[in-house]
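A.B. asks: this is a predicted model, with the sequence first.
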Amino acid sequence: MLEAVDISWIIEQKTILRNIDFHLLLGECVGLIGPNGSGKSSLLKILAFLETPTSGQLYFQGQSVPKSVPLPIRRRIAIVFQESLLLNLRVFDNVAIGLKIRGLSKGKIQERVDYWLEQFGVRHLTKHWARSLSGGEAQRVSLARAFALEPDVLFLDEPFSALDAPTKEGLRIDLAQVFKSTHTTTVLVSHDFKDIEHLTNRVLILLNGQVVAEGSAPELLRSPQKGEVERFLAYFAS
């Protein structure tokens, strides 16, 4: 589905990512985790075509991706960030806007918007203005907006980090159920190992801009690790 080969990213002579290989299979959710400054969000931006790597090559659905990414490819992905980034519109219009841009009929837009707001438990907020929503409600609307696009690949960049613990837990449970029913191909960045454990099939640990370990969450916690990786995982295993 998505592959990165020998990706490096250097900004103002500072190496952000170094010689990273990455692959994402159809239907899996891959987690990127690491301490602050490890490069996990930077890698997501490269994979989501928001930034251009200094070297290396990206492949999408088996085809190499040029530096100037074509619009048809960009439209096959969706991104949800830490902040909801909703427009100053009603909830329905926020979820519908991408579908309108893609030229869907009014009937199809209504159907998809209603469906995804229902899946994330916020259909009752359809006519509410975005600025009136709580943080958890706003992030649920953001997720509904992304899923309504039916993307080939969904990117989630710290989607729960701005939420309080009870709100985060409820949204994590609901998102896990949506993943179970849709098998949406996803890249998830998080600093919370609970997100990784509950939502991902496979995990990459990044340290200093490099992938230093890979496996499922239980495998990484169970297997002996060395050096910085051991110290990083010890916090979650305790």
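C.D. replies: Structure received. Numbers count the residues shown, from 1 in each chain.

A.B. asks: surely residue 140 meets residue 122?
C.D. replies: Yes - A contact is recorded between residue 140 and residue 122 when judged using Cβ atoms under 8 Å, the distance being 4.8 Å. Any C-beta I mention is one placed from the backbone N, CA and C, and that applies to glycine too.

A.B. asks: more neighbours: which of the two?
C.D. replies: residue 140 (26 against 22; other Cβ atoms under 10 Å).

A.B. asks: which residues are in contact with the more buried one?
C.D. replies: The contact partners of residue 140, by Cβ atoms under 8 Å, 6 or more residues apart in numbering, come to 120-122, 171, 174.

A.B. asks: how about residue 131?
C.D. replies: For residue 131, the set of contacting residues under the criterion of Cβ under 8 Å, 6+ apart consists of residue 88.

A.B. asks: part of a helix, is it?
C.D. replies: Yes - secondary structure of residue 131 (DSSP: H, G, I helix; E, B strand; the rest coil): part of a helix.

A.B. asks: how near is it to residue 213?
C.D. replies: 42 Å (Cβ to Cβ, to the nearest Å).

A.B. asks: averaged pLDDT, stretch 180-194. What do you get?
C.D. replies: Here the mean pLDDT over stretch 180-194 is 92, rounded to a whole number.

A.B. asks: start and end of it, how far apart?
C.D. replies: This stretch, stretch 180-194, spans 17 Å end to end (Cα to Cα, to the nearest Å).

A.B. asks: got it, and stretch 59-77?
C.D. replies: 14 Å.

A.B. asks: what are the buried residues along it?
C.D. replies: 60, 65, 69, 73, 77 (16 or more other Cβ atoms under 10 Å).

A.B. asks: nearest spatial neighbour of residue 50, skipping sequence neighbours?
C.D. replies: Closest residue to residue 50 apart from its sequence neighbours, by Cβ to Cβ, 6 or more residues apart in numbering: residue 79 at 7.7 Å.

A.B. asks: meant to ask about residue 197, not that
C.D. replies: Distances taken as Cβ to Cβ, 6+ apart put residue 217 closest to residue 197, at 4.5 Å, once the chain neighbours are dropped.

A.B. asks: if I look at that neighbour, how far off is residue 33?
C.D. replies: Distance of residue 217 to residue 33, computed by Cβ to Cβ: 9 Å.

A.B. asks: tell me, what's touching those two both at once?
C.D. replies: Common contact partners of residue 217 and residue 33 (Cβ under 8 Å, 6+ apart): 193, 196, 203.

A.B. asks: okay, now residue 34: neighbour count?
C.D. replies: For residue 34, which is what you asked about, the neighbour count (other Cβ under 10 Å) is 26.

A.B. asks: from now on call the first residue 45
C.D. replies: Got it, first residue is 45 now, which makes that one residue 78.
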